[in-house]
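Peer 1: dropping a prediction and its sequence here:
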Amino acid sequence: MSKEAFRLGDEFCRDLPSFQRPVIVLAHHDDEISTAGLVQRLGPGKRAIFTTNSDGLYFESDLSPADYSAVRVAEGYRSMALLGIPPEGVTNLGISEVETYRRFAWLYSGEKTIEEVKPYFQAFRDAVRDAVFALKPDAVFTQAWQGGQPEHDLTHFFTMLAVRDLVRETGVPVPLYHLPAYEYTVAIAFRFHPLYRGTRLRFRLTPEELALKVHLTEVFASQAAGFAKFRKVVHFVAPLGRPFGGPRTLEELMAVEELGLVPADLDYAKKPHRWDRLTYMFDDFEGTRVTFVGSVRPIVQALWTGGQS
């Protein structure tokens, strides 16, 4: 399967110049690192949308949520500029992670009902839709529906709805690709789950592309501690995959990127993993758990009108 994925990925990369207005939609400022090779290969018409203001980890710093967000957004601008997207090509929707997680927790605990929080998520959905419509994309790339991080999943879901609406309104097909980030904390990083049934597209970065990708981790000084932890996790997990040709180092992992078309029959009301405790592992808001069944599925069911795309 790996050889076929690389063959299809190489074909896909040869066709990338045919996209005149590609748009990449991401949740957080630094999510672009995992897909930096792809972004580098997209043409000059590429644009980016960040859905959140990246204030979620403010408590790991001495800054307020607003000040922490300002740091993260500024890092995002610098990162995207290095990838070939100038500031005017970056749209920041500015949706607070803190406030989003607060509502995830309310739903999980039962403190508030879906009807009470629905206007917040409807506004989130509408903001993504408006941003996508404004850019008139001819291809869209967003994060994979994985059950690894709830804002990644919501960004995927709302992007899917926006693309579906755009196609219905214009009658012009717009391919929607999704990009794996991580699952089971970060035990599976930058790849689809081994049981993923969709078509995989894989490609290897050139040494120059990889060098820039690694350099982006230095741009996000606010995330230095997180990157260091991630490197340790990769070092610990790598031996498990070596018998199957897995990467031995973080650089080897980053040197290959994977993506695929979003399956048309993806069921967004179905748990991404068989057991809900495996989704958003160890994720919480001020001590209250965040899960797919308790926090995200109610939002999907409330806003998934009009059926599948």
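Peer 2: Happy to help now that I have it. Residues are numbered from 1 along each chain as shown.
Peer 1: how about residue 102, what does it touch?
Peer 2: residue 285 (CB atoms under 8 Å, 6 or more residues apart in numbering). Every residue, glycine included, has its C-beta placed from N, CA and C.
Peer 1: and it, how far from residue 284?
Peer 2: 11 Å (CB to CB, to the nearest Å).
Peer 1: and the next helix or strand past the lowest-mean-pLDDT helix or strand in the chain?
Peer 2: Lowest by mean pLDDT, DSSP states H and E among the helices and strands of the chain is helix 224-241, with a mean of 73. Next helix or strand after helix 224-241 toward the C-terminus (DSSP states H and E): helix 250-254.
Peer 1: please name the strands paired to the very next helix or strand once past that next one in the sheet, noting orientation.
Peer 2: Per DSSP H and E, the first helix or strand lying C-terminal to helix 250-254 is strand 256-261. Strand 256-261 sits in its sheet next to strand 176-179 (antiparallel), strand 201-204 (antiparallel), going by DSSP bridges.
Peer 1: which other residues reach the last one?
Peer 2: The contact list for strand 201-204, computed with CB under 8 Å, 6+ apart, reads 2, 5-6, 8-10, 12-13, 37, 177, 255-260.
Peer 1: what do you get for stretch 74-92?
Peer 2: With CB under 8 Å, 6+ apart, stretch 74-92 has contacts from 29-30, 32-33, 36, 39-40, 42, 44, 46-50, 53-54, 73, 131, 134-135, 212, 215-216, 219-222.
Peer 1: filter these to the buried ones?
Peer 2: 29-30, 32-33, 36, 39-40, 42, 46-50, 53-54, 73, 131, 135, 212, 216, 219-220, 222 (16 or more other CB atoms under 10 Å).
Peer 1: got the residue ranges for the helices in the stretch 1-150 of the chain?
Peer 2: Assigned by DSSP state H, counting those that start in this stretch, the helices in the stretch 1-150 of the chain fall at 2-15, 36-41, 65-82, 97-109, 114-135, 150-170.
Peer 1: a markdown table for these, including mean pLDDT and distance to residue 23?
Peer 2: Putting those into a markdown table (pLDDT from 0 to 100; distance: least, CB to CB, whole Å) gives the following:
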| stretch | mean pLDDT | distance to residue 23 |
| --- | --- | --- |
| helix 2-15 | 95 | 17 |
| helix 36-41 | 98 | 11 |
| helix 65-82 | 98 | 13 |
| helix 97-109 | 98 | 22 |
| helix 114-135 | 98 | 5 |
| helix 150-170 | 98 | 9 |
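Peer 1: those helices: which one's closest to residue 141?
Peer 2: helix 36-41 (6.9 Å; CB to CB).
Peer 1: and that closest one, C-alpha only, in PDB?
Peer 2: Extracted as PDB, the C-alpha positions of helix 36-41 are listed here (Å, rounded to 0.1, in the frame of the first residue of the first chain):
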ATOM      1  CA  ALA A  36       4.500  22.700   5.300                       C
ATOM      2  CA  GLY A  37       5.800  20.600   2.300                       C
ATOM      3  CA  LEU A  38       2.400  20.800   0.600                       C
ATOM      4  CA  VAL A  39       2.000  24.500   1.300                       C
ATOM      5  CA  GLN A  40       5.400  25.100  -0.200                       C
ATOM      6  CA  ARG A  41       4.400  23.300  -3.400                       C
END
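Peer 1: which residue is the nearest non-sequential neighbour of residue 122?
Peer 2: Computed as CB to CB, 6 or more residues apart in numbering, the closest residue to residue 122 that is not its neighbour in sequence is residue 303, at 6.6 Å.
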